[in-house]
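**Q** Predicted coordinates and the sequence they were generated for:
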Amino acid sequence: MSINMYKCFIFIVVLLLSYSAQVLAENDYLDRPEVKKFIDDFSEKNNYPKDSLNELFKNVTTQTSVLEAIARPAEKKKNWQEYRKIFITDKRIKEGLAFWSENAPILAAAERKYGVPPEIVVAIIGVETFYGRYKGKHPVLDSLVTLGFDYPPRQKFFRSELEHFLLLSQEENLNPVEIKGSYAGAMGKSQFISSSYRHYAVDFDQNGTRDLWESNEDAIGSVANYFKMHGWKAGEIITVPAKIEGKRYKKLLDKGIKPVASVSELPQYDVTADHDAADQQAVALLEFNKNDSDEYWLGFNNFYVITRYNHSHMYAMAVYQLSQKIKKDIKDYVVQN
């Protein structure tokens, strides 16, 4: 499909989603059989009051902007050069240094407990919410209902997240109507979706609640715990630039972003890199398209762990490169401030 045809296709999809959403917004979700079944099943399975569910769904409004946003994620629209400019900025680095300095004892405690270095945690929160400044303005309940019932490509996933959100609200004593987040339902400074919030959020300040909106302790500890639970290995290499020759590298590239080849196998793919990794360590070859050239990097286990937060290799590289720039300047920043 040509670029122009792809753009035309996306434009038509957005128009159809917008029209569909406008029509649906005028209707009561409670009139829809699939919603009624969801309510019945969820109520029975979780012993959740059916009247409360009916009241929640009665006031849900279809979020047209959510359907438009999910049809064109940033990773699909931009190459690496354009994507990188969004996150690797002087302002984001400067704010990251301030965030690290202000929360140094918390970050150090999280590293001791979970093995995740401060710069990675800081970069995640920096990329996700600009250190808590932009936590999302979409009503999470409305967003998840919209995506769960009006976005067929991923309705199974978002209905599952809706279930987790309702249970999370009950467990953490939150008002589901008042909670705001991203268009896809991610919440707090660390932007956890509901299932991640339930499974990986921690009460790091030990005050009896897991608050990812206001508590830097909980946000930092939860990010670190998420990484540890997804296989982060303390002190291990994350990624290094790679050089390619010929065409055999494409076979390694085709294996995807999960490390499956060993370092010792790189020569058979005409791939070389400067590193101190052991021969048996697993790697993936990563390609980053730019305007006039491409970059190649080796991704090790810890790089793959970053992609568990967001499955885009461009996202993971933005986190990594931001983390390294912040780490480079943190000592000078602390001395000067």
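**A** Yep, it's here.
**Q** what's in contact with the host helix or strand of residue 250?
**A** Counting by DSSP states H and E, the element that carries residue 250 is helix 249-253. Applying CB atoms under 8 Å, 6 or more residues apart in numbering, the contact partners of helix 249-253 are 261, 266, 269-271, 284-285, 287, 296. In short, each C-beta sits where N, CA and C put it, glycine included.
**Q** now stretch 97-112
**A** Contacts for stretch 97-112 (CB under 8 Å, 6+ apart): 116-119, 121-122, 125-126, 131, 204, 216-217, 220-221, 223-224, 326, 329-330, 333-334, 337.
**Q** Quick check: buried residues in it?
**A** 97, 99-100, 103, 106-107, 109-111 (16 or more other CB atoms under 10 Å).
**Q** coming back round to it: just the buried ones out of the contacts of helix 249-253, please.
**A** 261, 266, 269-271, 284-285, 287, 296.
**Q** Closest one of those to residue 55?
**A** residue 284 (48.0 Å; CB to CB).
**Q** looking just at contacts, which helices and strands does the helix or strand hosting that closest one meet?
**A** According to DSSP H and E, residue 284 maps onto strand 282-289. Contact partners of strand 282-289 among helices and strands, from 3 or more CB pairs under 8 Å, 6 or more residues apart in numbering; DSSP states H and E: helix 249-253, strand 261-262, strand 294-299, helix 301-307, helix 313-336.
**Q** Would you tell me which of the ones you listed gets closest to residue 66?
**A** Taking the helices and strands packed on strand 282-289 one by one with CB to CB, helix 313-336 is closest: 19.8 Å.
**Q** What helices and strands are in contact with that closest one?
**A** Short answer (3+ CB pairs under 8 Å, 6+ apart): helix 313-336 packs on helix 80-87, helix 90-102, helix 118-129, strand 282-289, strand 294-299, helix 301-307.
**Q** Parallel or antiparallel, list what pairs with the shortest one.
**A** Under the criterion DSSP bridges, strand 294-299 sits next to strand 239-241 (antiparallel), strand 282-289 (antiparallel) in its sheet.
**Q** Export these to CSV and append columns for mean pLDDT and distance to residue 233.
**A** Output for those, formatted as CSV (pLDDT from 0 to 100; distance: least, CB to CB, whole Å):
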stretch, mean pLDDT, distance to residue 233
strand 239-241, 98, 14
strand 282-289, 97, 11
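**Q** which residues sit in contact with the closest residue to residue 246 other than its chain neighbours?
**A** Computed as CB to CB, 6 or more residues apart in numbering, the closest residue to residue 246 that is not its neighbour in sequence is residue 270, at 4.6 Å. By CB under 8 Å, 6+ apart, the residues touching residue 270 are 244-249.
**Q** starting at the chain centroid, how far to the strand holding residue 284?
**A** Distance, stretch centre to chain centre, for strand 282-289: 19 Å (CA atoms, centre = their mean, to the nearest Å).
**Q** If we go by neighbour counts, what in stretch 171-179 is buried?
**A** For stretch 171-179, burial by neighbour count (16+ other CB under 10 Å) applies to 174, 176, 179.
**Q** how much space is there between residue 164 and residue 128?
**A** Residue 164 sits 19 Å away from residue 128, taking CB to CB, to the nearest Å as the criterion.
**Q** any idea which of the buried residues of stretch 171-179 is the one closest to residue 52?
**A** residue 176 (9.6 Å).
**Q** where's the closest one, which helix or strand?
**A** Here residue 176 is covered by no helix or strand, with elements defined by DSSP H and E.
**Q** and what of residue 280?
**A** Using DSSP H and E, residue 280 sits within no helix or strand.
**Q** count of residues packed around it?
**A** The tally of other residues near residue 280 (other CB atoms under 10 Å) stands at 8.
**Q** Enumerate every residue touching it.
**A** With contact set as CB under 8 Å, 6+ apart, residue 280 has these partners: 262-264.
**Q** what sits against residue 329?
**A** Counting by CB under 8 Å, 6+ apart, residue 329 touches 93, 97.
**Q** Model confidence for it, exactly?
**A** At residue 329, the pLDDT value in this model is 96.
**Q** what's the answer for the one 3 residues further on, then?
**A** The model reports residue 332 with a pLDDT of 95.
**Q** repeat for the one 5 residues further on
**A** At residue 337, the model reports a pLDDT of 90.
**Q** so what's it up against?
**A** By CB under 8 Å, 6+ apart, residue 337 lies in contact with residue 101.
**Q** what about it, distance to residue 97?
**A** Relative to residue 97, residue 337 is positioned 8 Å away (CB to CB).
**Q** Give the next helix or strand downstream of the helix or strand of the chain with the lowest mean pLDDT.
**A** Least confident helix or strand, the chain: helix 3-25 with a mean of 46, by mean pLDDT, DSSP states H and E. Using DSSP H and E, the helix or strand that follows helix 3-25 in sequence is helix 33-46.
**Q** For that following helix, which helices and strands make contact with it?
**A** Packed next to helix 33-46, using 3+ CB pairs under 8 Å, 6+ apart, are helix 50-58, helix 140-150, helix 155-171.
**Q** helices or strands up against the following helix or strand past the shortest one?
**A** Using DSSP H and E, the helix or strand that directly follows helix 50-58 along the chain is helix 64-70. With contacts defined as 3+ CB pairs under 8 Å, 6+ apart, the secondary structure elements packing on helix 64-70 are helix 3-25, helix 140-150.
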